[in-house]
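> This is a predicted model, with the sequence first.
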Amino acid sequence: MAEESTAEEINEEKTIYEIGFHVVPTVDEGELSARVSLVKEAIKKEGGVLIMEESPKKISLAYSMSKMESGKRTMFDSAYFGWLKFEMDRDNIGNIKRVLDENNDILRFLIIKTVREDTRVPRRVVTAQKAEAAPKPKPTVKLTKKETPASVVDAEIDRTIEELIVE
Amino acid sequence: MECYFKKNNIKYIDYKDTEILRKFLNPHGRLLARKRTGVSATNQRKLGTAVKRARFMGLLPYIER
């Protein structure tokens, strides 16, 4: 019993977090994983355990975002968007925020509390709905259309055969 | 009208699923009312949060057109 209660306490202290982030588009694609690993190391250092992640992919932003770089405001229309899901003590998440704030490669980030399961909607739901929305073909109409030209073609063939025979 | 999220067995509304979130926005990028979406009260609140998160992250626009 005593063991169970301690296990529960540990679970209560740990919270599942997700960080969504934009890496500035000026970073080379080859260097992206190295830049993300800096954040991952920080998470590990603070006692976090990575659960799920998606590596940054280039997306065009819905509106242009600005970032102060050495006293100059720079505007960005695209960025590399990725996310990390991890488990961590509530007390340490502030340190992660600080790391991200200080990182100049990160254009913007969002830390949210979430659940262990994958919260994204499975692809099949989206595709199934698209198929439903698409206009359905009318097979009966097509069949009748096909039948008439077929008979015409038959008649034409017959005529050509007759012509050949005459020759 | 049955709630879209209950019908499709969607438990969590993720801000990254912009394709689904867009269904509930009008051409100006504003969130549709519950009267129009037919989403349950709980899910409409979650939907609002998800849309706001997606807007902050530049996945959805604050205003369109």
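Yep, that arrived.
> Could you use CA atoms for every contact and neighbour count after this?
Noted.
> And what about the most centrally placed residue in chain A, helix, strand or coil?
To find the centre residue of chain A, average its C-alpha atoms and take the closest one (C-alpha atoms, centre = their mean): that gives A:E54, at 7.8 Å. Under the three-state scheme (DSSP: H, G, I helix; E, B strand; the rest coil), A:E54 adopts strand.
> Can you spell out the domain ranges of chain A, please?
Taking automatic domain parsing as the domain assignment, the record places the domains of chain A at A:2-124, A:137-166.
> Chain B: which of these is closest?
For the domains of chain A, proximity to chain B was assessed by C-alpha to the nearest C-alpha; domain A:2-124 is nearest, at 4.9 Å.
> Spell out which residues of chain B are next to chain A.
Among all residues of chain B, those adjacent to chain A (criterion: C-alpha under 8 Å from any C-alpha of the partner chain) are B:8, B:10-14, B:16-17, B:20, B:57-61.
> between the residues you listed, which is nearest A:F109?
Compare each of the residues of chain B next to chain A with A:F109 using C-alpha to C-alpha and the shortest gap goes to B:M57, at 7.3 Å.
> Return the alpha-carbon coordinates of stretch A:40-55 using PDB.
Extracted in PDB, the C-alpha atoms of stretch A:40-55 (Å, rounded to 0.1, in the frame of the first residue of the first chain):
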ATOM      1  CA  LYS A  40      16.000  18.400 -25.900                       C
ATOM      2  CA  GLU A  41      19.200  18.500 -23.800                       C
ATOM      3  CA  ALA A  42      17.800  21.300 -21.600                       C
ATOM      4  CA  ILE A  43      14.700  19.200 -21.000                       C
ATOM      5  CA  LYS A  44      16.800  16.200 -20.100                       C
ATOM      6  CA  LYS A  45      18.900  18.300 -17.800                       C
ATOM      7  CA  GLU A  46      15.800  19.500 -15.900                       C
ATOM      8  CA  GLY A  47      14.700  15.800 -15.400                       C
ATOM      9  CA  GLY A  48      12.200  15.700 -18.200                       C
ATOM     10  CA  VAL A  49      11.500  12.500 -20.200                       C
ATOM     11  CA  LEU A  50      10.700  12.900 -23.900                       C
ATOM     12  CA  ILE A  51       7.400  11.200 -25.000                       C
ATOM     13  CA  MET A  52       6.800  12.200 -28.600                       C
ATOM     14  CA  GLU A  53       8.200  14.700 -31.000                       C
ATOM     15  CA  GLU A  54       8.000  16.000 -34.500                       C
ATOM     16  CA  SER A  55      11.000  17.300 -36.300                       C
END
